[in-house]
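Trainee: Requesting a structural model of the entry that follows:
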Amino acid sequence: MKFMKLGSRPDTFYTTEAVRSVSSEVSSDLLVEVKGCKYLLHKFPLLSKSLLLQRLHSESPESSHIHLLDFPTGIESFEVCVKFCYGIAITLSPYNIVSIRCAAEHLQMFENVEKGNLVQKVEAFFTSCILNGWRDTIVTLQSTKSFPLWSENLGITGQCIEAIASLVKSNGSGGRRRKPVTSIGWWGEDLAELEIDLYWRSIIAVKSGGKIPSKIIGDVLRIYASRWLYLQEESDCESKKCLILESIVSLLPAEKGAVSCSFLLKLLKAANMLNASSSTKIELASRVGIQLEEATVGDLLVPCLASTNDMIYDVDIVIIILEQFMLQAQSPQTSPPRKKRDFVERRRSRSAENVDTMLQESRRSSSASHSSKLKVAKLVDQYLQEIAKDKNLHLSKFITVAEAIPEFARLDHDDLYKAIDIYLKGHPELNKSERKRLCRILDCKKLSMETSIHAAQNEMLPLRVVVQVLFFEHNKTASRAKASFSTNADQGSNILGAKSPKSNLSTLKMRLAEDDDDDLNDNLGGGIENSLKMKSLSVVPNRPKRIFSKFWPIYRSASQKN
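Mentor: Modelled structure (predicted):
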């Protein structure tokens with residue numbers, strides 16, 4: 001920390017009956033009142049250095065009383081200026097230089113009044129010493145908060161911010177060796193001491209020129225968020241936190257991977273809790289979508305505001321995230337050729353609000369790969385298993401999340417089946433048509449043998465789904481037996497578990513007959529159009545009983561042979 005001493009005389013100021021005076025052989029001839037404090041002083045040393053005091057005295061030369069109205073700083077800085085006029089020793093430091101500079105400016109202690117005046121001395125110390133030291137500049141910039149308007153007009157704030165950016169870019173630190181600027185920023189911890197307005201301007205200055213890696217900028221923003229956003233007292237004003245959040249979001253680098261997906265989702269959760277603007281939420285959701293494959297299920301569980309929603313988690317924001325993820329490359333339902341995908345990517349543009357051109361370029365250059373879609377599909381199914389427990393989760397939202405991922409991305413439907421099973425158990429009030437609608441997202445061909453065994457015995461599933469499970473599992477079992485020429489196919493062949501085939505056959509036939517009767521009634525009530533629609537949606541053929549009786553004896557005889 002740098003200091004500068006001016007003057008050499010000892011301090012002879014004293015206080016008598018709430019009046020500050022200076023010990024001198026010459027009697028006082030001037031009374032100056034500032035901020036309710038009175039000073040008995042002498043005209044000559046003060047008027048010779050302060051143009052303001054000269055002017056005020058000339059307006060009423062007969063009076064020896066001057067009242068300083070609207071003095072910008074405190075009485076401490078005024079007294080420092082007075083001591084300078086008397087030649088009494090004063091000390092300039094990063095802690096008081098801003099207040100003294102503002103006071104000297106107000107008193108008009110310029111060079112045209114007297115050579116070597118206080119304004120010139122303070123400016124010399126500021127430019128030659130303060131701005132060349134990292135810590136000195138930070139402390140000085142912090143002190144400008146007490147006098148924001150004066151500091152801006154005098155250029156103190158701007159010069160400090162420029163000096164900070166210059167020191168970071170040049171990897172300087174005012175004489176002390178620091179860690180390389182490419183490390184997780186030492187300077188980020190120091191800048192985290194600043195309030196958000198000064199911090200925002202400082203980061204903008206640091207980012208200009210592009211010398212600092214985006215990853216370092218991201219780490220620095222994470223440090224600031226940890227200090228001011230997550231660890232602040234609950235009593236802190238929510239509007240202040242919201243301003244901090246939105247400022248951090250506006251500073252996020254456009255490049256993919258500059259900040260982790262986990263950090264982005266933490267910001268998104270904070271945005272929900274603070275009821276931030278929709279544009280901020282969409283901006284974060286868009287950024288999360290670019291690197292969604294990095295997320296975990298816990299990251300995606302964004303709490304809802306209790307005052308605005310009965311649901312536990314905000315599913316709508318996750319739907320937006322998935323939409324943004326798929327916008328990276330509007331792939332068809334099978335993995336597309338490389339050239340075609342590149343062509344689509346070049347034409348892609350972001351639909352989120354308030355998104356700059358750099359982020360659009362980042363989206364086009366970071367199209368979701370086939371492997372990332374596989375990862376996200378797994379993530380989505382695990383997410384569905386969590387939100388399915390919510391009693392207030394509407395069926396349409398569950399289906400929308402499930403259908404957000406293309407079919408080819410799910411190599412199997414085991415996790416999706418688990419999510420459907422959890423949802424059915426948590427929502428027993430669903431009628432038959434709703435259960436059928438839910439199960440249409442399930443591909444029974446992609447169920448493992450273990451899951452098929454569970455599904456075949458699941459009484460919550462529509463009967464047609466159970467029939468499909470039996471049918472496809474039978475075909476797979478027959479294919480495996482044919483391919484392996486094995487004499488022992490006991491493992492996995494009995495997909496109905498402990499129940500006997502005859503018992504299951506009679507039970508399923510009875511349930512299937514009831515299901516057909518209900519479907520017939522629904523079709524008669526809904527008209528020919530609804531009947532045709534139901535037929536087109538049904539995977540099981542028009543004569544489920546015949547198909548069932550066809551493959552069941554084959555399956556039974558195959559198991560008996562084995």
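Trainee: Run through the residues that contact residue 194.
Mentor: 138, 141, 142, 202 (CB atoms under 8 Å, 6 or more residues apart in numbering). Bear in mind the C-beta positions are built from the backbone N, C-alpha and C, glycine included.
Trainee: doesn't residue 268 make contact with residue 299?
Mentor: No: with contact defined as CB atoms under 8 Å, residue 299 does not count as touching residue 268 (9.0 Å).
Trainee: Just the endpoints, please. Distance across stretch 38-57?
Mentor: Criterion CA to CA, to the nearest Å; first-to-last residue distance in stretch 38-57 is 16 Å.
Trainee: which residues touch that stretch?
Mentor: 18-22, 24, 26, 28-33, 66, 68, 79, 81-82, 84-87, 106-110, 113-114, 117-118.
Trainee: Mark which of the residues you listed are buried, thanks.
Mentor: For the contacts of stretch 38-57, a neighbour count by 16 or more other CB atoms under 10 Å gives the buried set as 20-22, 30, 32, 66, 68, 79, 81-82, 84-86, 106-110, 113, 117-118.
Trainee: Give me the subset of those residues lying in helices.
Mentor: Judged by DSSP state H, helices contain the following of these: 79, 81, 82, 84, 85, 86, 106, 107, 118.
Trainee: Which two among the residues you listed are spaced furthest apart?
Mentor: The largest separation in these, counting by CB to CB, is between 86 and 106 at 18.6 Å.
Trainee: for residue 289, what are its contacts?
Mentor: Residue 289 sits next to 320, 321, 322, 323, 324, 325, 327, 328 when contact means CB under 8 Å, 6+ apart.
Trainee: Confirm for me that residue 378 is in contact with residue 415.
Mentor: Yes: using CB under 8 Å, residue 378 is in contact with residue 415, at 6.7 Å.
Trainee: ok so, going back, could the contacts of residue 289 go into TSV alongside neighbour count and pLDDT?
Mentor: Below are those laid out as TSV (neighbours: other CB atoms under 10 Å; pLDDT from 0 to 100):
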residue	neighbour count	pLDDT
320	20	95
321	28	96
322	24	96
323	16	94
324	22	92
325	25	94
327	19	88
328	26	78
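Trainee: So which of those is the closest to residue 404?
Mentor: Distance to residue 404 across the contacts of residue 289 (CB to CB) is lowest for residue 322, with 3.9 Å.
Trainee: same for the helix or strand hosting the closest one, what does it pack against?
Mentor: Here residue 322 sits within helix 315-327, counting by DSSP states H and E. Under the contact definition 3 or more CB pairs under 8 Å, 6 or more residues apart in numbering; DSSP states H and E, helix 315-327 sits against helix 278-290, helix 370-387, helix 395-403.
Trainee: Apply 6 Å and report the result again.
Mentor: Helix 315-327 makes packing contacts with helix 278-290 when contacts are defined by 3 or more CB pairs under 6 Å, 6 or more residues apart in numbering; DSSP states H and E.
Trainee: Over to residue 41: give its phi and psi.
Mentor: Phi and psi for residue 41, reported as degrees, to the nearest 10, are phi -130, psi -170.
Trainee: ok, what's across the strand from it?
Mentor: When bridges are called by DSSP bridges, residue 41 pairs up with residue 30.
Trainee: and the gap between the nearest residue to residue 65 once chain neighbours are set aside and residue 95?
Mentor: Leaving aside its sequence neighbours, residue 65 sits nearest to residue 31 (CB to CB, 6 or more residues apart in numbering; 4.8 Å). Applying CB to CB, to the nearest Å, the value for residue 31 to residue 95 is 30 Å.
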